[in-house]
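Undergrad: give me a model of this one.
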Amino acid sequence: MPKVERFEDLKCWQAARALVKFAYELSESEPKLKKDWDTKSQFRRAALSSMNNIAEGFGRGTRKEFVRFLDISQSSAREVKSMAYVFEDLNYTTSEKIEELHEKTDAVMALTLGFIKHLKKNM
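TA: Residues are numbered from 1 along each chain as shown. Have a look, this model is predicted:
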């Protein structure tokens, strides 16, 4: 695997970026979610946390610290996934958008977990 010079080149960060974009678009396009300021804010912050922790961890001095930030990113993606069930239960959006949200969070988690495993085996 070639050395990555920029966090923007990480597949897990790219997937998290796509998740953030989707989260912002969803929270602005769905009337019930748009009105629920607390839930909307938490949803956006969790998605942002997933993306930003990958970037922040990339800039840390050690692999151990990077893995810790990737773990935090994973947790934030799980929070977004959990919120998808709230949206489903409260009829905040369509089943198609819920499914897309699950797919995007699953992608972030899978790519991040794969990267964590890669970093750990080379520690």
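
Undergrad: okay, stretch 81-93 in PDB with CA atoms only?
TA: Extracted in PDB, the C-alpha atoms of stretch 81-93 (Å, rounded to 0.1, in the frame of the first residue of the first chain):
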ATOM      1  CA  LYS A  81     -26.800   4.700  12.100                       C
ATOM      2  CA  SER A  82     -28.800   4.600  15.300                       C
ATOM      3  CA  MET A  83     -30.400   7.900  14.500                       C
ATOM      4  CA  ALA A  84     -31.700   6.400  11.200                       C
ATOM      5  CA  TYR A  85     -33.900   4.200  13.400                       C
ATOM      6  CA  VAL A  86     -35.300   7.200  15.100                       C
ATOM      7  CA  PHE A  87     -36.100   8.800  11.800                       C
ATOM      8  CA  GLU A  88     -37.800   5.600  10.700                       C
ATOM      9  CA  ASP A  89     -39.800   5.300  13.900                       C
ATOM     10  CA  LEU A  90     -40.900   8.900  13.800                       C
ATOM     11  CA  ASN A  91     -41.600   8.800  10.000                       C
ATOM     12  CA  TYR A  92     -39.100  11.600   9.400                       C
ATOM     13  CA  THR A  93     -38.200  10.400   6.000                       C
END
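
Undergrad: return the distance of that stretch from the chain's centre.
TA: 16 Å (CA atoms, centre = their mean, to the nearest Å).

Undergrad: which parts of this protein are helices?
TA: Ranges of helices in the chain, per DSSP state H, are 11-29, 31-35, 37-58, 63-89, 95-121.

Undergrad: for Val4, find the nearest of those helices.
TA: helix 37-58 (8.1 Å; CB to CB). For the C-beta atoms, the positions are set from N, CA and C on the backbone; glycine is no exception.

Undergrad: any idea how many residues pack against Leu111?
TA: Per other CB atoms under 10 Å, the neighbour tally for Leu111 reads 19.
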